[in-house]
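Participant: quick check, what structure comes out for this input:
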Amino acid sequence: MMKRFKIGGVPEHFNLPWRNAIEEGVFQSLGVELHWSDMTGGTGQMIKGLQAGSIDIAVLLTEGITRAILQGLDAKIINVYVASPLCWGLHVPVDGTIKAVDELNGKTFAISREGSGSHLMAFVKAQQEKWDLDTLKFNVVGDVYGGIWALNNGEAQGFLWEKFTTSPFVDQGKCHLLDEVLTPWPCFVIAVRKELLDSDESLLHEMVSIVQKEAHRLKHQSNSAEQFAWRYALPKEQVEQWLAGTEWNYGNELDHQDFAKVVSELLDLGLLTQNQAADWQEKLF
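Facilitator: Residues are numbered from 1 along each chain as shown. Take a look at the predicted model:
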């Protein structure tokens with residue numbers, strides 16, 4: 001009997017290995033029917049989905065799911081998906097007066113949801129700039145389209161999102177790319193509802209192995225840039241630049257120490273309490 005799982009992820013280039021494996025029916029060899037849901041609201045939306053049981057598996061940002069689990073979400077991280085850092089673009093209104101990063105101090109940032117990457121990375125950037133974190137202001141806008149709208153309509157002055165995803169908006173003159181911020185940890189992980197891990201752990205790891213093989217193929221295949229560019233409406237030159245800097249996890253086991261820096265940073269930013277961070281390895285994995 002076929003097992004059916006629901007998986008959520010952002011509709012972005014990082015997830016082509018999952019999409020290809022699903023569309024080619026590869027998971028059916030394991031007796032699994034996997035239904036993909038595009039989560040335009042990003043990590044915050046996926047956390048809500050895991051919480052509500054509307055998705056079983058999520059491919060989401062490391063810092064967001066780490067915080068959510070340590071705050072009580074009944075889920076576990078089963079592996080790193082993308083091992084390289086994420087390059088966040090810091091966007092501002094295209095016709096605004098903001099020309100330097102420091103001019104965003106005290107201004108409002110558009111975020112997709114509370115606890116999302118766009119939310120947490122605003123704290124990371126503020127810390128880098130030595131701003132008072134208590135003065136940060138946010139406007140919840142739902143997704144990348146809401147973020148661009150907020151910039152254009154005076155509802156926010158800053159917006160952080162993965163820079164290759166927003167590059168079409170920059171090229172169209174809908175926002176201005178002011179700066180970039182790199183996450184100092186592997187950027188995407190695979191998380192599952194704890195109930196599912198308890199019942200199907202070995203099957204889940206077989207599924208992850210399939211995706212890792214597809215990611216390795218895409219990374220090293222000569223015409224991959226064309227495939228990504230066509231699928232996600234991105235210029236081939238940008239895809240080549242992104243591919244050169246992106247490393248999926250091609251088969252390594254989960255290294256718990258990859259997450260020590262994430263937990264430490266969340267503590268430093270005041271986004272976790274010491275009590276929440278206690279025994280973090282046991283809680284996360």
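
Participant: mind listing the strands for the stretch 151-285 of the chain?
Facilitator: Along the stretch 151-285 of the chain, the stretches classed as strands by DSSP state E, counting those that start in this stretch are 158-162, 176-182, 188-193.

Participant: can you lay out those strands as CSV showing distance to residue 151?
Facilitator: Quick note: C-beta positions are derived from backbone N, CA and C, even for glycine. Shown next, in CSV, are these (distance: least, Cβ to Cβ, whole Å):
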stretch, distance to residue 151
strand 158-162, 6
strand 176-182, 9
strand 188-193, 25
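
Participant: JSON lines for these, including mean pLDDT and mean neighbour count?
Facilitator: Formatted as JSON lines, the strands of the stretch 151-285 of the chain follow (pLDDT from 0 to 100; neighbours: other Cβ atoms under 10 Å):
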{"stretch": "strand 158-162", "mean pLDDT": "97", "mean neighbour count": "27"}
{"stretch": "strand 176-182", "mean pLDDT": "96", "mean neighbour count": "16"}
{"stretch": "strand 188-193", "mean pLDDT": "98", "mean neighbour count": "26"}
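
Participant: report pLDDT for the nearest residue to residue 196 once chain neighbours are set aside.
Facilitator: Nearest residue to residue 196 in three dimensions, chain neighbours excluded: residue 56, at 5.1 Å (Cβ to Cβ, 6 or more residues apart in numbering). You'll see residue 56 listed with a pLDDT of 98.

Participant: number of nearby residues for the closest residue to residue 20 other than its chain neighbours?
Facilitator: Nearest residue to residue 20, sequence neighbours excluded (Cβ to Cβ, 6+ apart): residue 214, at 5.5 Å. Residue 214 is flanked by 19 other residues according to other Cβ atoms under 10 Å.

Participant: again with residue 46
Facilitator: Going by other Cβ under 10 Å, the residues that sit close to residue 46 add up to 30.

Participant: how about it, nearest residue that isn't a chain neighbour?
Facilitator: Closest to residue 46 by Cβ to Cβ, 6+ apart is residue 58, at 4.1 Å.

Participant: buried stuff in the helix or strand containing the one you found?
Facilitator: Using DSSP states H and E, residue 58 maps to strand 57-61. Neighbour-count burial for strand 57-61 flags 57-61 (criterion: 16 or more other Cβ atoms under 10 Å).

Participant: need the max-distance pair from these.
Facilitator: 57 and 61 (14.8 Å; Cβ to Cβ).

Participant: check contacts around the spatially most central residue of the chain.
Facilitator: With distances taken as Cα atoms, centre = their mean, residue 61 lies nearest the centre of the chain, 3.3 Å away. By Cβ atoms under 8 Å, 6 or more residues apart in numbering, the contact set of residue 61 is 42-43, 86, 116-117, 120, 183, 187-189.

Participant: top of the residues you listed by neighbour count?
Facilitator: Ranking these using other Cβ under 10 Å puts residue 43 first, with 31 neighbours.

Participant: look up the pLDDT of that residue for me, please.
Facilitator: pLDDT, read off for residue 43, is 93.

Participant: for it, which non-adjacent residue is spatially closest?
Facilitator: residue 64 (3.6 Å).

Participant: helix, strand or coil for the one you found?
Facilitator: Secondary structure, DSSP: H, G, I helix; E, B strand; the rest coil: residue 64 is helix.

Participant: you'd agree it is up against residue 115?
Facilitator: Yes. When contacts are counted by Cβ atoms under 8 Å, residue 64 is listed as touching residue 115 (5.8 Å).

Participant: and the protein, what are its domain boundaries?
Facilitator: Listed by automatic domain parsing, the domain ranges of the chain are 3-85+185-284, 87-182.

Participant: all set, thanks.
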